[in-house]
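Peer 1: I'll drop the sequence and a predicted model, then ask my questions.
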Amino acid sequence: MGKKRQFNEEVVLDQLSSHFWKHGFSATKVDQLSEVTGLTKTSLYNAFGNKEALFLSAINFYVDKSLEEMSGYLNTSNSLSTNLEKLLTDTFITADKKSLSCGCFLTNSIVELNANELELHSEVTALCDKVRKVKLKFFSYYVDNGKIEEDYSAEELTNYFMTFFQGLRVQSRNSEESNKLQKPINIFLKFIRSIEK
């Protein structure tokens with residue numbers, strides 16, 4: 001029987017995720033992770049593995065947590081525009097400006113790791129595809145049930161939404177810009193309403 005861990009794994013993963021999210025993979029040292037979690041380097045290595053494994057555990061935790069939070073906005077008993085308006089408002093307009101200034105952990109990592117961490121980049125890209133599949137399933141419901149004009153496929157709407165959402169994520173890295181995101185959100189929602197049946 002394995003030795004029981006003497007720490008709350010979810011709390012530690014949240015701490016690891018926050019640090020990697022703010023500082024990136026390359027700039028993060030395991031000593032820093034030890035400091036923010038209050039665990040020794042040996043404890044971290046024994047629990048999760050090397051720095052790469054720590055990073056992957058952290059970003060998987062971030063994605064799973066994000067998808068769990070997002071599930072609350074994917075209520076197919078509401079119209080597509082109602083769901084998207086709530087998601088975009090909560091994510092970009094009423095959200096804490098400090099968290100917005102970090103951008104998206106997943107997007108940040110894809111950009112950073114593409115240069116010299118190709119194995120990690122591949123893992124993170126696969127996580128992005130995991131997120132995309134959830135969103136595709138969501139848009140597919142509205143298309144398959146005739147709630148969207150026939151000119152638009154679920155694939156097209158998913159790609160459009162993800163491009164728009166990630167663009168807002170990049171823009172929101174400037175904490176002073178969050179109040180300027182409402183207008184593009186309004187335009188996006190106007191388009192969505194125009195194709196709803």
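Peer 2: Thanks, I have the structure now.

Peer 1: how does the chain divide up, domain by domain?
Peer 2: Following the assignment in automatic domain parsing, the chain carries domains at 1-58, 74-195.

Peer 1: Nearest to residue 65 among those domains would be which one?
Peer 2: domain 1-58 (7.9 Å; C-beta to C-beta). Heads up, the C-betas are built off the backbone N, CA and C, glycines and all.

Peer 1: circling back to that earlier point, take the domains of the chain and lay them out in TSV including mean pLDDT and mean neighbour count.
Peer 2: Formatted as TSV, these follow (pLDDT from 0 to 100; neighbours: other C-beta atoms under 10 Å):
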stretch	mean pLDDT	mean neighbour count
domain 1-58	89	15
domain 74-195	90	15
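
Peer 1: what's the closest of those domains to residue 67?
Peer 2: Per C-beta to C-beta, nearest to residue 67 of those: domain 74-195, 5.8 Å.

Peer 1: so how far does that closest one reach from one end to the other?
Peer 2: End-to-end distance of domain 74-195 (C-alpha to C-alpha, to the nearest Å): 18 Å.

Peer 1: Quickly find the element holding residue 76.
Peer 2: Here residue 76 sits in a region with no helix or strand, counting by DSSP states H and E.

Peer 1: is it true that it touches residue 141?
Peer 2: Yes: applying C-beta atoms under 8 Å, one finds residue 76 in contact with residue 141, separated by 4.9 Å.

Peer 1: so what secondary structure elements neighbour the helix or strand where residue 55 lies?
Peer 2: Assigned by DSSP H and E, residue 55 belongs to helix 51-70. With contacts taken as 3 or more C-beta pairs under 8 Å, 6 or more residues apart in numbering; DSSP states H and E, helix 51-70 sits against helix 9-23, helix 30-37, helix 41-48, helix 105-113, helix 118-144.

Peer 1: Could you export those helices as a markdown table, including distance to residue 80?
Peer 2: Below are the helices and strands packed on helix 51-70 laid out as a markdown table (distance: least, C-beta to C-beta, whole Å):
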| stretch | distance to residue 80 |
| --- | --- |
| helix 9-23 | 29 |
| helix 30-37 | 40 |
| helix 41-48 | 39 |
| helix 105-113 | 23 |
| helix 118-144 | 5 |
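
Peer 1: Relative to residue 69, which of the ones you listed is closest?
Peer 2: Residue 69 lies closest to helix 118-144 among the helices and strands packed on helix 51-70, at 11.7 Å (C-beta to C-beta).

Peer 1: gap between that closest one and the chain center?
Peer 2: Taking C-alpha atoms, centre = their mean, to the nearest Å, one finds helix 118-144 lying 11 Å from the centre of the chain it belongs to.
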